[in-house]
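> sequence and predicted model, in that order:
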Amino acid sequence: MSGYDLGQNIRASVGHIWSESYGQIYPNLKKLAGAGLVSAREKKQKGKPSRQSYSITKKGREELIAWLGIAPQPEIPRNEMLLKLFFGSQVPAAVLIAYVERMVVEHRALLARFTRIEHDEIAAQRRRPEAPFWRMTARYGQLEMEAHLRWAEETLGVLSKLDKQQKTHPVSKKEKLRARR
C-alpha cells in the first residue's frame, strides 16, 4: 500500500494505541526500503502523479517477528491533565472541573468506539487468526476507558465540593501569598 494508505490503515486499526503522522511514515518507509525490509513499486495513475506502493519483504517479515520477540520498553508517562490537576490548588476548582468534564466526553466516545470495534468489526472477522488479538487490544481500551470514567466521577465529586467551598469562602490575595511561602 502507499504511505497514505498505510496512515489510513493505522488510524482505522491500531490508532487507539499507536499513532504515526505522515511526517513519520514516509521517511520510515524510505528507511525500510533502503534496508530491504519493504519493496517499493511506482504506480502510475491517470491524470495524477505516480504513487509509491510498498510491500513487506521476506527479510522485513523476519525482522517483524524478531521485533515481536523483544520485550516492550516501559511507557514514559505524560499526562498533561493530571499534571495540571496536581498543581490545581493554584486555580479555581471550576477550571479543573471543565478539564475533567471534557475528558469524560472524550472517554465516553472512545469507550463506545472500542465497544463498537469489538462487537461489530472484530466479530465480523472472528474467523481470522488475528481476531483474538484484535479483541484483546479493543478490550484493553474498553477497560481503560471504564477506569478513567470511574476516576473522573470520583474526581468531579471532590472538585465540586472544593468549588462550593471556594465560592462560599473566597481566599484573599493575602492568604494566597501566605500559602505560597
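The structure has been received and is ready for your questions. Numbering: from 1, shown residues only.
> just give the nearest non-adjacent residue to residue 11, would you?
With sequence-adjacent residues excluded and distances taken as CB to CB, 6 or more residues apart in numbering, residue 11 is closest to residue 19, at 7.8 Å. Every residue, glycine included, has its C-beta placed from N, CA and C.
> number of nearby residues for the residue lying closest to residue 20 once chain neighbours are set aside?
Counting by CB to CB, 6+ apart, residue 20 lies nearest to residue 10, which is 5.5 Å off, once chain neighbours are set aside. For residue 10, the count of nearby residues is 15 (other CB atoms under 10 Å).
> let me see the mean pLDDT of the strand or helix carrying residue 10.
Under the criterion of DSSP states H and E, residue 10 resides in helix 3-13. Model confidence over helix 3-13, given as mean pLDDT, is 86.
> name the helices or strands packed onto whichever helix or strand comes after it?
Next helix or strand after helix 3-13 toward the C-terminus (DSSP H and E): helix 22-34. In terms of contacts (3 or more CB pairs under 8 Å, 6 or more residues apart in numbering; DSSP states H and E), helix 22-34 is packed against helix 3-13, strand 38-45, strand 48-56.
> where in the protein is pLDDT low?
171-181 (pLDDT under 70).
> so residue 156 sits against residue 98, correct?
No: contact criterion CB atoms under 8 Å: residue 156 and residue 98 do not qualify, at 10.6 Å.
> now the lengthiest helix in the chain against helix 3-13, angle please.
As assigned by DSSP state H, the longest helix anywhere in the chain is helix 131-168. Between helix 131-168 and helix 3-13, the angle comes out at 70 degrees (axes from the mean of the first three to the mean of the last three CA atoms, to 10 degrees).
> now helix 131-168: buried residues?
Neighbour-count burial for helix 131-168 flags 134, 137-138, 141-142, 144-145, 148-149, 152, 155-156, 159, 162-163 (criterion: 16 or more other CB atoms under 10 Å).
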